[in-house]
Structure formats: structure tokens, C-alpha cells
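Peer 1: Got a predicted structure here, sequence first:
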Amino acid sequence: LAITLAAGVVATWWQGRIAQQERALAERRFGEARGLARLFLFDFYDAVLDLPGSTPVQRVLIDKTMEYFVRMEQAAREDATLRVELAEGYRRMGDLLGNPYVPNVGDVPKALAAYQRGIELFRNHPAASREEQRVRAGLRTSLAAALSQAGETPRGRKEMEESERVLEALAAKYPTDIPVAVERATLYNQWADYYNTSMTGGEFNAVKAQEYLERSCEAWRTAKWLDAAHPKAARGVAICQIKIGTLSYNAGNAPKAIEQLTAALADLDRLPEDVQQQQKTIRSKAHAANALGNAYLGQGENEKALAALSQSVALNERLAGADPKNAQTAIALAQVLRSRADTRWNLNDKPGAKQDYAAITRVVGKLVEANPENVPARIELAKGFRSLGQTEFALKQTAAAREASQKAFALLADLAKRPEARRRIVAACPRHT
């Protein structure tokens with residue numbers, strides 16, 4: 001009997017030992033999957049984000065991370081810390097899939113699904129912690145942005161209203177919470193775009209757009225005041241100033257536009273060197289310099305406009321050089337080259353204007369060569385040749401002017417046969433005669 005009891009004790013101990021080892025192994029594997037998911041979605045993705053032609057790599061990282069996240073969902077429903085972490089991961093995944101406010105791979109349906117999975121994690125947790133409330137509100141903010149891309153802006157507005165309700169309550173209770181301030185700044189910026197109709201399906205209300213931009217700036221300044229080294233706060237303030245400047249210019253208030261845009265460029269120039277080299281920072285500076293140049297033009301200050309536009313050209317050339325196959329970047333460069341060329345024409349620098357118009361035909365010509373069906377690029381190319389021809393005629397370079405004009409008319413004649421292009425052909429007419 002003693003031997004039997006001893007054998008039973010040993011067997012029970014051995015089974016417990018095996019179960020303990022299996023639990024430890026499962027926990028270790030779960031921890032590895034959790035760490036690997038974060039590595040894929042944050043570290044690896046950020047490393048390739050600015051690399052030209054990296055979209056296929058980004059898709060692989062997102063798809064692989066989704067597999068790990070789905071495996072962790074059940075555990076997240078019982079673990080509040082993991083629930084917040086996984087929900088933030090789903091938001092990040094949705095942003096990378098189809099949030100128009102960040103570089104993304106253009107898969108809006110999958111982005112919507114990722115945000116919904118994140119929100120679903122909180123379904124049975126009404127008494128949420130501060131972190132859970134903030135993350136859930138952030139998911140709704142991002143979901144609204146993607147819904148606007150999917151043509152569901154009314155539904156997106158309801159998500160933003162709910163997000164604002166939660167974030168305002170959190171800000172009142174925790175006024176020094178930096179993540180809450182950042183979420184509020186992000187949401188207010190989105191509301192401003194809704195009322196400025198930058199968001200698809202928004203309703204125009206310049207007063208409300210201005211109000212929300214001011215509130216976004218205030219929230220970013222709060223985050224910056226609480227943490228001077230915050231990686232997003234300083235750039236967030238600058239982006240707000242760029243938008244306020246652009247809105248002021250469109251409302252006919254050039255002096256305020258110049259003030260805001262000058263301040264934005266100064267703030268961007270004060271960012272750490274590594275942040276200044278990021279594509280998104282260069283793009284922001286290029287946009288601000290271009291808007292500043294246009295504001296100076298509105299004031300009749302052509303020399304200052306030329307300096308600002310030249311800065312924007314140089315920055316856009318950097319972006320285009322880093323990603324030569326990016327059509328959007330090439331069109332942006334062509335548009336700022338046109339603004340500088342028109343300014344040079346106004347300053348009677350016709351050789352300089354000719355140089356810029358010729359550059360437009362080279363930049364956009366490559367896009368048309370790569371994709372002959374790119375209608376916006378064909379229109380921009382026609383405009384470039386038309387202006388180039390007129391400038392060469394003014395310089396008494398008759399043969400060259402005739403050649404450029406013939407190319408412009410050939411492009412326009414082809415575009416006139418395309419129903420989708422007819423309403424836009426009027427844009428090919430030059431600003432000067």
C-alpha cells in the first residue's frame with residue numbers, strides 16, 4: 001500500500017511538473033508572438049516606411065502581424081494590459097492599411113475591419129480604465145477617417161462625435177495626460193478637415209474649421225509644454241499653423257497666412273535633425289513654403305514669393321528624387337515649378353520662367369511615358385508645353401515656340417476625345433497671354 005501511495009504521489013508530481021512546463025512553454029511562445037507582432041508592426045514597418053517602392057514589403061508585414069494579433073485576441077479579452085496593447089496595434093494596422101492621414105497601402109476595407117476588431121475588444125468592458133477609454137476613442141477617430149474614404153462620412157461623423165465626448169471628459173479629469181492631449185489634437189484636426197471639406201463628404205464651415213484648428217494647436221502645445229521632447233508635438237503645432245495659414249489665405253487674409261506659415265517653417269526647422277530628414281517632415285516644409293509663396297503673391301511681394309517657392313521646389317525635388325516612380329510627388333513638384341515660373345514671368349525673368357516650364361515637361365513627361373492613361377499628368381504636360389511655347393515666343397525663339405505649342409495642341413486634342421478630361425481642359429489655359 002505504501003508503495004502504491006508513493007507511486008501515486010510521484011505520478012501526480014510528475015504530471016504537475018509536465019503541466020507546469022507546458023504552461024511555461026505556452027506563455028513563452030505567446031510572449032514571443034506578442035513581441036514579434038510589435039516588432040513587425042512598429043519597428044520593421046517604420047524602418048521601411050520612407051523607402052521608395054517598399055509597398056509590397058509593407059503589405060507582407062501587415063498580413064503577418066494580423067495573423068499574430070488574431071491569435072492573441074482571446075487572451076486580450078481577459079487581460080486589460082494586453083487588451084489596450086492589442087487595440088493600439090489594430091489601430092496602427094488600420095492606419096497603415098488605409099488611413100488618409102498617414103502613408104498607407106490603400107486598402108480601406110481591410111483598414112475598416114482592423115479598426116472594428118480593435119473596438120470589439122472593449123465590447124464587454126463598460127467600466128474601462130483611462131487607457132482603455134483613450135485607445136477606444138482613438139480607434140473611433142481613425143475609423144472615421146477611413147469611413148470618409150469609403151464614402152460613409154455621415155457614419156464617420158458619429159464616430160468623431162463619440163470620440164470627442166470621451167476625450168473631452170478625459171481631458172477635464174486628467175488635464176496633464178499627454179496621450180489624451182495628443183488624441184484630442186488629432187481629432188480636432190480631423191474635425192477641421194471635415195468643415196474645410198478636405199475630408200470627403202464634409203460640410204463647409206470656415207468658422208468651425210478655424211475653431212477646431214485653434215483647438216488642435218492648443219492641444220499640441222499642451223503636449224509640448226508637458227514634454228518638450230515629445231516626438232509628435234512640435235510637428236503637430238507646425239501642421240496646425242500650416243493649415244490655419246492656408247485657411248486664412250483662402251479667406252483673403254494674406255497677412256495672417258504669412259504670419260502662420262512663417263512660424264510653421266521656423267518650428268519645423270527647430271525639429272531634431274533626424275526628424276527633419278523624415279519624408280513627412282520634408283513634405284510638410286515643402287507644402288508650407290509653397291503656401292507661403294502663394295500668400296506673398298497675394299500681397300504683390302514677388303521677390304519674397306520667389307524665395308519661398310524656390311525653397312519649396314528644392315524640397316519637392318528631394319522628395320521626387322527619393323521616389324521617382326511616385327506620381328503624386330511628381331505632380332506636386334510640377335505644380336510648384338509652375339508657381340515659380342509664373343512668378344519669374346511676373347518679375348520679367350523670362351529665361352528663368354522658360355527653365356521652369358521646361359522642367360515641368362520633363363518631370364510630367366516621364367509620368368505620361370510610364371502611364372499614357374494618366375489624365376491629370378497629360379493635362380499638366382499640356383499646360384507645361386503651352387506655357388513653354390508662349391515663353392519661347394516672348395524670347396523670340398520662334399521655332400522652339402512652334403514646336404512646344406504643337407505638342408500642347410496635340411495633347412489637348414487627344415484629351416478632348418476623353419469624356420473624363422473635357423471639363424478639366426480649361427485648366428490648361430495659361431495665366432499669362
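Peer 2: Ah, there it is. Numbering: from 1, shown residues only.

Peer 1: what about the nearest residue to residue 199 once chain neighbours are set aside, neighbour count?
Peer 2: Of all residues not flanking residue 199 in the chain, residue 193 sits nearest, at 4.4 Å (C-beta to C-beta, 6 or more residues apart in numbering). From N, CA and C alone the C-beta is placed, and that goes for glycine too. Residue 193: 21 surrounding residues under other C-beta atoms under 10 Å.

Peer 1: Look at residue 193 and give its secondary structure.
Peer 2: Reduced to three states with DSSP: H, G, I helix; E, B strand; the rest coil, the structure at residue 193 is helix.

Peer 1: go on, the one 5 residues further on?
Peer 2: When the structure is split into helix, strand and coil by three-state DSSP, residue 198 lands in coil.

Peer 1: and the gap between it and residue 250?
Peer 2: Computed with C-beta to C-beta, to the nearest Å, the distance linking residue 198 and residue 250 is 11 Å.

Peer 1: which one of these two has more residues nearby?
Peer 2: Using other C-beta under 10 Å, the more surrounded residue of residue 198 and residue 250 is residue 198, with 17 against 14.

Peer 1: Which residues belonging to the host helix or strand of residue 354 are considered buried?
Peer 2: Element membership for residue 354 (DSSP states H and E) is helix 350-370. Applying a neighbour-count criterion of 16 or more other C-beta atoms under 10 Å, the buried positions in helix 350-370 are 350, 352-361, 363-368.

Peer 1: ok, now stretch 327-347?
Peer 2: Under the neighbour-count criterion of 16+ other C-beta under 10 Å, stretch 327-347 has 327, 329-346 buried.

Peer 1: Give me the residues contacting the helix holding residue 354.
Peer 2: Applying C-beta atoms under 8 Å, 6 or more residues apart in numbering, the contact partners of helix 350-370 are 320, 324-325, 327, 330-331, 333-334, 337-338, 340-342, 344-345, 374, 377-378, 380-381, 383-385, 387-388, 391-392, 394-395, 404.

Peer 1: repeat that with 6 Å
Peer 2: Contacts with helix 350-370, where a contact means C-beta atoms under 6 Å, 6 or more residues apart in numbering, come from 327, 330, 333-334, 337, 340-341, 344-345, 374, 377-378, 380-381, 384-385, 387-388, 391, 394-395.

Peer 1: Check which element follows that helix along the chain.
Peer 2: Secondary structure here is assigned by DSSP H and E; on that basis, the next helix or strand after helix 350-370 toward the C-terminus is helix 375-394.

Peer 1: what pLDDT, on average, does the next helix-or-strand element following that following helix get?
Peer 2: Proceeding N to C from helix 375-394, the next assigned helix or strand is helix 398-416, under DSSP H and E. The average of the pLDDT scores along helix 398-416 is 91.

Peer 1: got the contact list for helix 398-416?
Peer 2: 378, 382, 385, 386, 388, 389, 392, 393, 421, 425.

Peer 1: Tell me the one among these nearest to residue 140.
Peer 2: When the contacts of helix 398-416 are ranked by distance to residue 140 (C-beta to C-beta), residue 421 comes first, at 38.9 Å.

Peer 1: what pLDDT does the closest one get?
Peer 2: For residue 421, the pLDDT comes out at 53.

Peer 1: Repeat that for residue 129.
Peer 2: Taken from the predicted model, the pLDDT recorded for residue 129 is 86.

Peer 1: tell me, how many neighbours does the residue lying closest to it once chain neighbours are set aside end up with?
Peer 2: In space, and not counting its chain neighbours, residue 129 is closest to residue 80: 6.5 Å by C-beta to C-beta, 6+ apart. Neighbours of residue 80 under the rule other C-beta under 10 Å: 14.

Peer 1: could you measure residue 80 against residue 131, distance?
Peer 2: When distances are taken as C-beta to C-beta, residue 80 and residue 131 turn out to be 8 Å apart.

Peer 1: Okay, and residue 335 sits in which element?
Peer 2: According to DSSP H and E, residue 335 maps onto helix 327-346.

Peer 1: Let me know the angle separating that helix from helix 375-394.
Peer 2: Angle between the axes of helix 327-346 and helix 375-394 is 20 degrees (criterion: axes from the mean of the first three to the mean of the last three C-alpha atoms, to 10 degrees).

Peer 1: any idea of the angle helix 327-346 forms with helix 350-370?
Peer 2: With the same axes, to 10 degrees as the criterion, the two stretches helix 327-346 and helix 350-370 enclose an angle of 160 degrees.

Peer 1: Give me the residues contacting helix 327-346.
Peer 2: Contact partners of helix 327-346, identified using C-beta under 6 Å, 6+ apart, comprise 290, 302, 305-306, 309, 312-313, 316, 319-320, 323, 352-353, 356-357, 359-360, 363-364, 367, 380, 431-432.

Peer 1: Over to stretch 254-274?
Peer 2: Stretch 254-274 is contacted by residues 234, 237-238, 241-242, 244-245, 248-249, 285, 288, 291-292, 295, 298-299 when judged by C-beta under 6 Å, 6+ apart.

Peer 1: how about it: buried residues?
Peer 2: Neighbour counts over stretch 254-274 (16+ other C-beta under 10 Å) mark 254, 256-265, 267-268, 271 as buried.

Peer 1: and those, which two are the farthest apart?
Peer 2: Farthest-apart pair in the buried residues of stretch 254-274 is 254 and 271; separation 26.4 Å (C-beta to C-beta).
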